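Enquirer: structure for this input, please:
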Amino acid sequence: MVAATTVRAVNDITGRWARAAVGERGTVLTAAGVWPLQALLAGPAAGPARAELAAALGLDAEHAPREGRDLLAACRAAEGVDAAVGLWTRRSLALRPDWLAGLPPGSHGELTGDAGADEEAMHAWARRHTDGLIERMPARVDPETLLVLASALLVRTTWQEPFGEYPLRVVEGPWAGRELTGLGRSGTNAEQVRVHTTPAGPLTAVEVAGDSGLDVHLLLGPPDMSGGAVLSHGVAALAGAYATVSGAGLAEGAGPGLGVTTVPSEDGVARVQLTAARFTVDAEHDLLERAELFGLAAASDTSRGHFPGISEQPLAVSAARQSATATFGPLGFRAAAVTVVPAAAGSVPRTPPHRALCVSARYDRPFGFLAVHRASGLVLVAGWVTDPDLWPGFAAAW
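Expert: Predicted coordinates:
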């Protein structure tokens, strides 16, 4: 299990990174993939670099490497999640044995000096640890590179309740006129729909449960709420920061994208209808563009060394990048059948004896998502969707 302090620290960076990085274009990011590297660097750092990394991590630098290793171990142990760390160094770089011993077994490789061969070896590592979703390591190797430290994070789940797939015509908003690949389903768990009262306005969140202990929270704010605000408020809502109404407590107009009514029902049980656009989103991030957020401002000063706990040779951070991808779809094999029941003369159908609440949630304009480890509340992946998948026939003509 991930420590509660670690969950708060990683989620805090996720919220702040999303607020700073999300703009008009879709993106995806994972602070859970950056945090272990920050932690492994904080322990052996010295001077201002050590202080900045500790502040960014939200914990003491002395204990940071252990917390980073614990997070990696917890991710590897969680169903549906995999995490790995890779280290490559020049043979001429003498590493501190105690720091090297703190890395997972088999994670240390050699930089041969042949940039092409070294990069291909790291690309292969990235593909191997992400099931081929990330094909290339985002950092480049040059003759000045002495050390490369990398992490890989893989998140996957299958929905507990499958979606149907159909053409979704959008008539208003930023996606008006497009025919999207829509995903739809109906169920009885109205409590999965929540409206959070944030300082920037109501935020609708629908929890889509996976079968591996992972959930994806779809987030929709008012049209004037920025993507960064949607995601940062969504992260804060996970920690109970805002007043929340859910399920039977919802009323018409309670939150963006929601419709609430009553319908005839056999059992009186509340129902929820979810409509969302299928999407795949990819992004590349230069972490040094926001060096202060990650505690890397001092560490990236190449005029001096900052990590005496790694090697006697002066070392500084020359680059820090992340490649990420996320896909939301029906996932897995789905089969369909048509059943025909011959009709005979009969009577007028009776009216169902009850009326039940029916909550409909519709995500057909830019929205956010959080992939969350259910047991701990750790946000593994966050993203903003601006270019959903078009319906195949429409895509060919677009």
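
Enquirer: dump the residue contacts of S300.
Expert: Neighbour list for S300: 288, 291, 316-318, 320 [criterion: CB atoms under 8 Å, 6 or more residues apart in numbering]. Where C-beta positions appear, they are placed from N, C-alpha and C, glycine not excepted.

Enquirer: assign it to helix, strand or coil.
Expert: coil (DSSP: H, G, I helix; E, B strand; the rest coil).

Enquirer: and the spatially closest residue to it that is not a sequence neighbour, how many residues sit next to it?
Expert: Nearest residue to S300 in three dimensions, chain neighbours excluded: V317, at 4.6 Å (CB to CB, 6 or more residues apart in numbering). A total of 23 residues lie near V317 under the criterion other CB atoms under 10 Å.

Enquirer: okay, the closest residue to Q313 other than its chain neighbours and T30: tell me how far apart.
Expert: Spatial nearest neighbour of Q313, chain neighbours left out: L93 (5.9 Å); criterion: CB to CB, 6+ apart. Distance from L93 to T30, counting by CB to CB, to the nearest Å: 28 Å.

Enquirer: neighbour count: the two, which is higher?
Expert: T30 (24 against 15).

Enquirer: that one and R66: what is the separation?
Expert: Per CB to CB, T30 is found 21 Å from R66.

Enquirer: cool, H196 as well?
Expert: Separation of H196 from R66 (CB to CB): 34 Å.

Enquirer: and A32, by the same measure?
Expert: Using CB to CB, A32 is found at 17 Å from R66.

Enquirer: of those two, give the one with the bigger neighbour count.
Expert: Just comparing A32 and R66: by other CB under 10 Å the higher neighbour count belongs to A32, 29 against 14.

Enquirer: quick one: the more buried one is in a helix?
Expert: Yes: counting by three-state DSSP, A32 is located in a helix.

Enquirer: pretty sure it sits against V379.
Expert: Yes: between A32 and V379 a contact is recorded at 6.9 Å, counting by CB atoms under 8 Å.

Enquirer: name the residues contacting each of those two.
Expert: Joint contacts of A32 and V379 (CB under 8 Å, 6+ apart) are 10, 14.

Enquirer: quick one: secondary structure of the residue nearest to S300?
Expert: On the basis of three-state DSSP, V317 is classed as coil.

Enquirer: can you start the count at 842 instead of 1 from here on
Expert: Noted, 842 is the first residue going forward, which turns the last one into V1158.
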